[in-house]
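Chemist: Sharing a model prediction with you, sequence too.
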Amino acid sequence: MPASAVLAQPGGHVVDFAPHRAVYDITLARAANGSGVADMSGLMVYELVGSRCDGYTQNMRFATRMTTNKGRRQLNDLITSSWEDGRGGRLRFNSSQFQDQKLVQATQGDAGRKQDGGTIDVNLTKPQLRKLALKQGTYFPMQHATELIQSARAGRTLFAAKLYDGSDKGEKVYDTNALIGRVWKPGDKPLSTKAKDAERLIGLSSWPVSISYYEPGSEKLDAVPVYEMSFRYFDNGVTTKLTIDYGDFAIDGKLRELTFLEKVTCDAE
């Protein structure tokens, strides 16, 4: 099945993403000797709005203050925004990376899926004009999220996919492997947050998920991921208990605030 059909599946297969804004407190979970990281703290704010009919907009700001082993402090600030067609046909994206309040990288582009089986043309305007061609079967972010939840619902424990989200100057497609744990049915596991609106998660199924992101072509059994993300994934797309492991160090994201936003109902529903 082409990746472009993922979001169009009818009936019980539809994933009903909840528009929401989530704020996570970022803290250093661990740092290996030689990592250069002594401490890290910050905030991540994630917002999802839209619908399958109108497409999905994702906005994120990820700001951290890192202290090195030599006592130097560095402020990193990543701001991203994207819009994705509800059927996975198009992705528009832009991002800005700041270091100590100075812009160090900006990315902007538009990716469109052809009708001839799912190959993708990418037009980058930042950091420089460039055209890319991506292979059939590459997923956009909301497509990937949809298939991940559908896989979890079906009881599958592994979901492997190529993912393109416009990161790393818009030039990279990650090979991803998602490990999905056994379902936690409503009431099976207490919430790890007391954030406002979090009680609305109590009636939903959820799964422990870990996704490894690899450089393209990393098929070797001993390949090391660029980074790994672990979290509790609820059936409506909300995540809690976030951990990002970069190898030499890892950070935790504790859900501090959760606000559900106005939902737009598709005309077809």
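Modeler: Arrived safely.

Chemist: switch to C-alpha atoms for all contacts and neighbour counts from now on
Modeler: OK.

Chemist: If I look at L7, what pLDDT would I see?
Modeler: If you check L7, the pLDDT there is 38.

Chemist: Please apply the same query to K220.
Modeler: 61.

Chemist: try the one 4 residues further on
Modeler: In this model, V224 is scored at 89, pLDDT.

Chemist: List the contacts of it.
Modeler: Applying Cα atoms under 8 Å, 6 or more residues apart in numbering to V224 gives the contacts Y214.

Chemist: so what's P208 up against?
Modeler: Here P208 is in contact with I180, G181, R182, V183, S230, F231, R232, Y233 (Cα under 8 Å, 6+ apart).

Chemist: Could you check how far the fourth one is from G71?
Modeler: Pointing back at V183 there. 43 Å (Cα to Cα, to the nearest Å).

Chemist: The two: which has the busier surroundings?
Modeler: V183 (16 against 12; other Cα atoms under 10 Å).

Chemist: State the pLDDT value of the spatially closest residue to the more buried one that is not a sequence neighbour.
Modeler: Counting by Cα to Cα, 6 or more residues apart in numbering, V183 lies nearest to W207, which is 4.9 Å off, once chain neighbours are set aside. Note for W207: predicted pLDDT of 98.

Chemist: same question, V14
Modeler: With respect to pLDDT, V14 has a value of 85.

Chemist: Run through the residues that contact M60.
Modeler: M44, V45, Y46, E47, L78, I79, T80, S81.

Chemist: 7 Å - rerun?
Modeler: V45, Y46, E47, I79, T80, S81 (Cα atoms under 7 Å, 6 or more residues apart in numbering).

Chemist: on that earlier part again, mind giving me the PyMOL select for the contacts of P208, buried ones only?
Modeler: Remark: buried members of the contacts of P208, expressed as a PyMOL selection using 16 or more other Cα atoms under 10 Å:
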select buried, resi 180+181+183+230+231+232+233
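
Chemist: can you list the contacts of P208 in JSON lines and add secondary structure and pLDDT?
Modeler: JSON lines is the format used below for these (DSSP: H, G, I helix; E, B strand; the rest coil; pLDDT from 0 to 100):
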{"residue": "I180", "secondary structure": "strand", "pLDDT": "98"}
{"residue": "G181", "secondary structure": "coil", "pLDDT": "98"}
{"residue": "R182", "secondary structure": "coil", "pLDDT": "97"}
{"residue": "V183", "secondary structure": "coil", "pLDDT": "97"}
{"residue": "S230", "secondary structure": "strand", "pLDDT": "98"}
{"residue": "F231", "secondary structure": "strand", "pLDDT": "98"}
{"residue": "R232", "secondary structure": "strand", "pLDDT": "98"}
{"residue": "Y233", "secondary structure": "strand", "pLDDT": "98"}
